[in-house]
Each structure stands twice: as structure tokens, then as C-alpha cells.
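Asks: coords please:
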Amino acid sequence: MYQGCQHRCGYCYATYEWSPAFYDKIYSKSNAPEILESQLNSWKSKVIEPVMISSATDAYQPAELKFELTRKCVRILQKYHIPYYVFTKSTLISRDIELHQQYKDNCFLVWSITTCNENIRRIVEPGTPPASAMFKVIKRFSDAGIRCAVNIDPIIPLITDSINDIDLILDNCLNSGVGYILGATLRLRADIWERMKSIFKMLNKEEEEEEEEARIEEYKRLYHFNEPLSHIYNLAVDNGYSNTILKNLKEGVIKRNMNFDFPYLIGSRRSIGIRKSNDDDSKQLSLMKFI
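Replies: Numbers count the residues shown, from 1 in each chain. Reported below is the predicted structural model:
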């Protein structure tokens, strides 16, 4: 629905050279609802997988207050009986709680939460609401019978990866009625790395320069690179580190009787009744013809 994002997350993977003002200029794909309905009307396959809403750019960022593109597209998906996932870091989604509640058997809402530490959040993702505010919204949705999840992504080495940090998120998830948890560790690219170094400076402003350098060197060790880091690389963290972090996360989730997984939505593996269908399964839903 939107290009660009006002959350200003330092670790954002959707920031590329072709969108240099990603944080500052938000473009609304103003004809998204019309394109969506047109493609659904012409859909020729008998089966469609669930639609993922806002995998990169938050569909409930502040621009949605003005344009309401997400609300319009959700209504169209419901009209055609399409299951959907929504990923968000926003509390604005509470505006549409009744819209999602009426479709609760065929939708799934996921909040991306990286930290409950306000001092860290203000530096790492300054445009997002506090985790405490998001958990209040999640509780409203779970109390309304809507399936809710939290995706702890990214888990940031040396910043949000301690057992205490993760346990605090999990405890809040449990108290908010979250049923499903997933997580992933930070991936590095050249532009992300430069922003991470700026984050180190802001987080470590009271520390000695040697400690900041030690943190940078530890990242080079964990991600197996030497500077300069090329723009073409998208580096995963060391397998040993990642496996340990995710193992601890999974154990914490299971201990609290939550699911370390996202569920398949109803209808994701069968016909869901698109109005027009024939034997031609070649047409794909692309949503690329935006104004």
C-alpha cells in the first residue's frame, strides 16, 4: 500500500539505493484497492494462498490515517473470501479491530516487537510506539478472539539478544494473550551496517571509544566480514550464535505454553471460492500496476 516507512528502524531491510528518502518520503499506492479488486475479478486459478499484508513497509504507519488504503484492501479481501496475514509495528491497527474481528476465522495478525527497553527503542526504531502500547493493543485483539502473534525480528546481537531481554518480551506476550511466537536474527547489508554503527555511537555515548570499537569487531567476527562491506551482500549471523539464540527463544516459548510457529490460515491449501475460475492456473496476483 505504501512505499517508504515512518518507523525509521535502523535495521530495516527495505531501504535500497532506489529509494534514498525511504524514511522521509512516503508514497501512497493510491489505486491499490482498484488494482486488487480487478485482479481478483480476473483470477483464473481455483486456489489462492493467503495474502501477506505489509511484509516490508508497515500498512498501518501514520500515512494510513489519511489514505486508508489498508482498510480498503482488507475489505476487498474479505469480500472475496481471501485469507490474509497482517504484519505491523503500529498501534493504529486498533482502529480496524471490528473489521478484523468479523473475519477472525480467516485472518492472522502479527506484531513485530524487538525490545521492551525504551532507551533502546528510541534509538533503534524511533518512529515506532513503545512495546507497552503495542501489548495493550494486542490484548484488545486477543480478547476479541482474533489470533495474534509476535515476531521478534530482528534479534540484534549485543543490543537485544540477552535472555532477560527476550524473556521480558515473552512474558508480555503471555500476559497479552499471544498464541504464536517466531523470531529471527539480524541480517547485515552495507547500508544497514552503517546505520548500526551510528546506533552503536548513540547507545554507547557514555562509554569509552575502545568499547565501541570492541562491539564493531565483535560484529565482524559474528558476521564473518571485513570492511568495507559491499552493498551486494546480505549477511546472516554465525550459525552457532543464531542456533543458540533461537534454541533459547523456542524453549522460552514452549515453557510458557505458546506456539513457536505461525498457523496455516483456513483455506490456504484449498479452493476458497474466487468468483471466476477455469483450468488456467498461470495467472498470478502481482499488484504491480500502481499509480
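
Asks: got the contact list for stretch 14-34?
Replies: Contact with stretch 14-34 is made by 1-6, 8, 12, 56-57, 61, 63, 66-67, 69, 72-73, 76, 127, 191-192, 231, 287, 289-291, as judged by CB atoms under 8 Å, 6 or more residues apart in numbering. Every residue, glycine included, has its C-beta placed from N, CA and C.

Asks: for stretch 218-238, same thing?
Replies: With CB under 8 Å, 6+ apart, stretch 218-238 has contacts from 13, 17, 157-158, 185-191, 193, 196, 241-242.

Asks: please redo it, this time with the cut-off set to 10 Å
Replies: Stretch 218-238 is contacted from outside by 13, 16-17, 154-158, 161, 184-194, 196-197, 200, 216, 240-245, using CB atoms under 10 Å, 6 or more residues apart in numbering.

Asks: same question for stretch 244-261.
Replies: 149-150, 152, 155, 157, 161, 163, 166-167, 169-171, 173-175, 177-185, 237-238.

Asks: flag every buried residue along that stretch.
Replies: By 16 or more other CB atoms under 10 Å, the buried positions in stretch 244-261 come out as 245-246, 248-249, 252-253, 258.

Asks: how about the strands in the stretch 1-150 of the chain?
Replies: 2-3, 27-28, 51-53, 84-88, 107-112, 148-155 (DSSP state E, counting those that start in this stretch).

Asks: counting contacts, what elements does the helix or strand following the last one pack onto?
Replies: Toward the C-terminal end, the helix or strand that comes next after strand 148-155 (DSSP states H and E) is helix 163-175. When contacts are defined as 3 or more CB pairs under 10 Å, 6 or more residues apart in numbering; DSSP states H and E, helix 163-175 packs onto helix 131-143, strand 148-155, strand 180-185, helix 239-255.

Asks: can you tell me which of the ones you listed is most buried?
Replies: Most buried of those by mean neighbour count (mean count of other CB atoms under 10 Å) is strand 148-155; its value is a mean of 23.

Asks: centre of the chain to that one, how far?
Replies: In terms of CA atoms, centre = their mean, to the nearest Å, the centre of strand 148-155 is set 7 Å apart from its chain centre.

Asks: what angle separates it from strand 107-112?
Replies: 30 degrees (axes from the mean of the first three to the mean of the last three CA atoms, to 10 degrees).
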